[in-house]
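S.K.: Whatever this is, show me its structure:
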Amino acid sequence: MKKTLLFLLLFISQTFFSQADCTSALSVCGNSSITYSPLGIGAVNESLGGCLTTGEHNSIWYKFTIATGGTLTFDLVPNDPAADYDWAVYGPNVTCGSLGSPIRCNAATVIGVGASTGLNMTSTLTNAAGGSLTPYCKYLDVLPGQTYYLYIDNWVDGINPTMAPFSLTWGGTATLASPFTDPTIQPHPFVAPGLPAANPADPREVVVCNNPAIFDFTTLSAGILNNNPNFLISYHTTQNNALSGTNPILTPITVNTTTTYYYSIHYLDPANPTNPINSCRQVGAFKFKMGNITGTNVNLFACNNNNAGLGTFNLTTAAVFGDPTATKKYYPTLTDLNAGTNEILNFTAYVAAEGTVYVKITSQFGCIATAVITLKFFPVVVVNDATLRSCFIETNPSTGLFNLTNASVTTQGGITKKYYPSLTDALNGTNEIPATLAAAYIAPSGVVYIKVTNGNGCFAIAKVTLIVIAPVYSTVLKDKIICMEDKTTLDAGPGFSSYQWSTGATTQSINNVGVGTYWVKLKTGDCITTQTVKVYASEQPVISSVDISTTTVTISVMGGTAPYKYSIDNITWQDSNIFTNVPRGDNMIYVKDAYDCEPINITIVVPNLINVITPNGDGINDVIDYSALAAKQNLVFNIFDRYGSKIFQADKFNGYKWNGTTNGGMKVPTGNYWYSVSWNEKDKKNTLFKYTGWVMVKNRE
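M.R.: Presented below is the predicted three-dimensional model:
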């Protein structure tokens with residue numbers, strides 16, 4: 001169970017006079033190797049006994065306690081084979097001043113056997129007097145808790161003057177007690193203070209900010225002890241004091257960077273203050289090193305986005321100090337820095353105009369420096385607003401097709417553009433119009449925004465006004481109504497740069513066009529407006545009814561466009577719809593409306609009416625007979641007395657004839673009677689014809 005000690009055990013002789021006495025013997029901490037160079041003797045030239053009869057020369061005393069029993073051996077090897085080392089072991093459980101005779105002792109000569117000596121498992125000697133050729137003695141059988149003293153002496157005289165350091169290593173099955181090798185006592189490693197020196201063999205270095213500096217050594221204790229309970233630490237100005245625990249530094253003192261200082265750790269058994277391992281010490285050396293720091297004044301740039309006069313600065317990116325372990329605090333003024341007021345807490349996103357920020361830099365060792373960060377803006381992105389115009393889209397005339405990438409908003413190079421429907425979107429980077437859509441952007445008149453960003457990540461926003469050029473229609477080209485058989489001229493009017501008609505004509509107007517639908521493409525600037533024009537056939541008037549009363553004919557007309565004209569010969573026209581003295585028999589009536597188109601006509605019959613019947617059965621003028629009209633639609637034949645009361649209705653059952661009787665078969669008195677005959681012609685408009693007249697009935701009894 002060998003483990004390298006953290007002890008610094010290679011000392012000059014003057015340092016360790018006190019360890020050359022039994023009473024100040026150095027405690028051995030575990031089965032760790034020991035290297036030492038004894039020089040001289042202690043304060044007392046002690047009575048050693050055994051094989052050591054010539055007294056001390058260059059000596060050192062060690063004290064060790066057994067942790068686990070078993071066999072114990074050691075090898076003591078001088079660095080120089082000419083060096084002669086003698087030794088003795090006392091115990092167990094003896095005290096200085098009453099050591100008794102050594103239980104193992106060896107003063108063997110070097111000549112012929114070599115300089116190495118100690119205890120091994122083969123020797124049977126317990127005592128080898130001076131001049132012996134047996135440099136090793138028999139191992140020790142040891143038990144837990146036993147304490148022993150080991151005396152080592154570099155023997156010299158005029159014949160053997162060699163002095164050299166020695167190395168001692170432990171062997172056997174036993175282990176030596178140590179609080180530093182028992183994980184139940186020391187659960188954590190101790191942490192040496194400071195940083196490694198440039199030369200690893202040199203003491204570690206604790207940084208101070210001034211030289212000389214007043215230093216409180218206790219500030220190192222927690223870090224060194226590393227939460228190991230029941231260990232005490234003291235600080236010393238010499239290794240000797242550190243190993244013995246004497247003359248500790250108890251208050252802050254002025255230190256410098258040239259002196260070596262020492263710390264000494266020892267265990268204090270809370271249950272047994274006399275526990276031998278309490279005197280076992282682990283020591284280390286350290287020096288102080290200047291750690292004063294200097295901050296670097298730097299410029300820090302941010303974007304003055306959209307020329308708002310403010311930038312967002314990440315103050316932590318300012319290279320004011322190279323050590324990433326240092327802490328930095330930021331202040332708007334030097335006064336605030338000195339007073340520790342108004343600290344800037346949003347230092348990763350500090351919004352400010354151009355100016356200065358002051359930094360307090362504290363190194364990991366507590367050294368402080370200041371630096372100035374000058375806040376500056378990157379060159380601004382220069383943009384200008386622009387306007388894009390687009391012809392209307394025929395299928396949706398309120399919109400146009402815009403190529404936003406053609407908007408000339410900046411002349412600067414090395415920039416990127418992004419497109420947004422609103423200023424808020426441009427500022428927040430939301431609802432971006434993809435570049436593929438920006439090149440063919442369909443929108444009504446309005447605005448879009450282009451975010452122009454340079455290589456520094458700075459941006460400005462330009463407004464682009466979108467103008468949809470509305471269709472320009474001819475104000476003189478109107479739909480027309482003409483007679484079906486007529487032709488007309490369509491004129492788009494002047495003011496257009498080109499014309500293209502559906503007929504193939506490219507003139508301002510087209511002639512000799514009939515009823516139909518036409519279009520013309522009218523070009524204004526770069527835009528073309530398609531205008532449709534219709535030529536309608538005028539609506540023909542319709543003769544809705546004809547009322548014939550003896551020789552007077554009244555024509556009723558509907559549809560078409562008033563005023564109407566009427567004619568009975570298609571030559572002479574009148575405004576009145578009443579014709580008088582119309583001859584008996586077939587006649588043609590002509591009607592036309594205000595468009596003066598080909599007239600419509602209808603044939604009427606003015607019957608040769610019978611005005612007297614004598615229903616006496618002689619077969620002459622016995623009846624009024626309209627049976628010839630029986631095939632007409634809605635034929636109605638009624639007889640009325642002079643008071644307007646209907647007394648007879650002819651129908652298919654009485655053959656549309658009247659013989660001077662009522663529908664009940666009674667003869668009517670002699671007198672004048674009125675009749676009417678009406679029907680609807682089987683033409684497109686079901687024209688109503690109505691004949692009215694009177695008849696005298698002569699009934700004789």
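S.K.: Any idea how many residues pack against Asp336?
M.R.: Asp336 has 17 neighbours, counted by other C-beta atoms under 10 Å. Any C-beta I mention is one placed from the backbone N, CA and C, and that applies to glycine too.
S.K.: An error on my part: the question was meant for Val515.
M.R.: Neighbour count of Val515, defined by other C-beta under 10 Å: 18.
S.K.: Show residues contacting stretch 106-125.
M.R.: 51-52, 71-78, 80-89, 104, 127-140, 155, 160, 168, 171-172 (C-beta atoms under 8 Å, 6 or more residues apart in numbering).
S.K.: among those, which ones are buried?
M.R.: 51-52, 71-78, 83-89, 104, 127-128, 132, 134-140, 155, 160, 168, 171-172 (16 or more other C-beta atoms under 10 Å).
S.K.: related to what we said a few turns ago, filter the contacts of stretch 106-125 down to the ones in strands?
M.R.: In this view, those that belong to strands under DSSP state E are 71-78, 84-89, 104, 127-128, 136-138, 140, 155, 168, 171.
S.K.: dump the residue contacts of Thr465.
M.R.: By C-beta under 8 Å, 6+ apart, the neighbours of Thr465 are Asp385, Ala386, Thr387, Leu388, Gly446, Val447.
S.K.: And it, how close does it get to Leu388?
M.R.: Using C-beta to C-beta, to the nearest Å, one obtains 7 Å as the distance from Thr465 to Leu388.
S.K.: Next: Lys451.
M.R.: 17 Å.
S.K.: quick one: which of the two has more around it?
M.R.: Counted by other C-beta under 10 Å, Lys451 and Leu388 do not tie: Lys451 has more neighbours, with 24 against 19.
S.K.: per-residue confidence at the more buried one?
M.R.: pLDDT recorded at Lys451 is 96.
S.K.: Now do the same contact list for it.
M.R.: Lys451 neighbours (C-beta under 8 Å, 6+ apart): Lys417, Lys418, Tyr419, Tyr420, Ala426, Gly429, Phe459, Ala460, Ile461.
S.K.: Just the buried residues of these.
M.R.: Lys417, Lys418, Tyr419, Tyr420, Ala426, Phe459, Ala460, Ile461.
S.K.: Give me the secondary structure label for the second one.
M.R.: Taken by DSSP: H, G, I helix; E, B strand; the rest coil, the conformation at Lys418 corresponds to strand.
S.K.: which one is it nearest to, not counting chain neighbours?
M.R.: Once flanking residues are discounted, Lys418 sits nearest to Lys451: 4.6 Å by C-beta to C-beta, 6 or more residues apart in numbering.
S.K.: Can you report phi and psi for that neighbour?
M.R.: Backbone torsions for Lys451, taken as degrees, to the nearest 10, come to phi -90, psi 110.
S.K.: If it is in a bridge, with which residues?
M.R.: Lys418, Ile461 (DSSP bridges).
S.K.: How many neighbouring residues does Cys303 have?
M.R.: Quick note: Cys303 (other C-beta under 10 Å) scores 22 neighbours.
S.K.: Tell me how many other residues crowd the residue nearest to it when sequence neighbours are not counted.
M.R.: Of all residues not flanking Cys303 in the chain, Cys458 sits nearest, at 3.4 Å (C-beta to C-beta, 6+ apart). Under the neighbour criterion other C-beta under 10 Å, Cys458 is assigned a count of 22.
S.K.: dump the residue contacts of Asn210.
M.R.: Met290, Asn292.
S.K.: Hmm, I typed the wrong one, I wanted Gly414.
M.R.: Contacts of Gly414 by C-beta under 8 Å, 6+ apart are Asn454, Gly455.
S.K.: what's the distance between it and Cys458?
M.R.: 11 Å.
S.K.: got it, and Gly585?
M.R.: Gly585 sits 104 Å away from Cys458, taking C-beta to C-beta as the criterion.
S.K.: so how far is Val359 from Leu337?
M.R.: The value you get for Leu337 to Val359, if C-beta to C-beta is used, is 8 Å.
S.K.: Which one of these two is surrounded by more residues?
M.R.: Neighbour count, other C-beta under 10 Å: between Leu337 and Val359, Val359 has more, with 25 against 20.
S.K.: Backbone dihedrals for the more buried one, please?
M.R.: phi -120, psi 130.
S.K.: which regions of this structure sit below the pLDDT cut-off?
M.R.: Across the chain, the ranges flagged by pLDDT under 70 are 1-19, 608-609, 700-701.
S.K.: those helices in it, which residues are they?
M.R.: For the chain, applying DSSP state H gives helices covering 221-225, 239-244, 334-339, 423-428, 435-438.
S.K.: Deepest-packed of those, please.
M.R.: helix 239-244 (a mean of 22; mean count of other C-beta atoms under 10 Å).
S.K.: how far out from the middle of the chain is that one?
M.R.: In terms of C-alpha atoms, centre = their mean, to the nearest Å, the centre of helix 239-244 is found 63 Å from the chain centre.
S.K.: Which secondary structure elements does that helix sit against?
M.R.: strand 260-267, strand 281-290 (3 or more C-beta pairs under 8 Å, 6 or more residues apart in numbering; DSSP states H and E).
S.K.: Now with 10 Å, please.
M.R.: Packing contacts for helix 239-244, counted by 3 or more C-beta pairs under 10 Å, 6 or more residues apart in numbering; DSSP states H and E, involve strand 26-27, strand 231-236, strand 260-267, strand 281-290.
S.K.: Now mean neighbour count and distance to Asn93 too, for the ones you listed, in a markdown table please.
M.R.: Below are those laid out as a markdown table (neighbours: other C-beta atoms under 10 Å; distance: least, C-beta to C-beta, whole Å):
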| stretch | mean neighbour count | distance to Asn93 |
| --- | --- | --- |
| strand 26-27 | 22 | 15 |
| strand 231-236 | 20 | 25 |
| strand 260-267 | 21 | 20 |
| strand 281-290 | 20 | 21 |
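S.K.: and Val520, which of the ones you listed is closest to it?
M.R.: strand 281-290 (95.4 Å; C-beta to C-beta).
S.K.: Just checking: what are the partner strands of the closest one?
M.R.: With DSSP bridges as the test, strand 281-290 pairs up with strand 204-208 (parallel), strand 260-267 (antiparallel).
S.K.: tilt between it and strand 231-236?
M.R.: Interaxial angle of strand 281-290 relative to strand 231-236 (axes from the mean of the first three to the mean of the last three C-alpha atoms, to 10 degrees): 50 degrees.
S.K.: mind listing the strands in the stretch 251-400 of the chain by residue range?
M.R.: For the stretch 251-400 of the chain, applying DSSP state E, counting those that start in this stretch gives strands covering 253-255, 260-267, 281-290, 298-302, 311-313, 327-331, 350-352, 355-362, 368-377, 386-393, 396-402.
S.K.: Can you list the neighbours in contact with the fifth one?
M.R.: Around strand 311-313, the neighbours that count as contacts under C-beta atoms under 10 Å, 6 or more residues apart in numbering are 300-305, 330, 344, 346-354, 357, 373, 375-378, 458.
S.K.: And these, which of them are buried?
M.R.: 300-305, 330, 344, 347, 350, 352, 357, 373, 375, 377-378, 458.
S.K.: wait, what's in contact with Thr348?
M.R.: Counting by C-beta under 10 Å, 6+ apart, the residues that Thr348 touches are Thr312, Phe313, Asn314, Leu315, Thr316, Thr317.
S.K.: How much space separates it from Thr312?
M.R.: Taking C-beta to C-beta as the measure, Thr348 falls 9 Å from Thr312.
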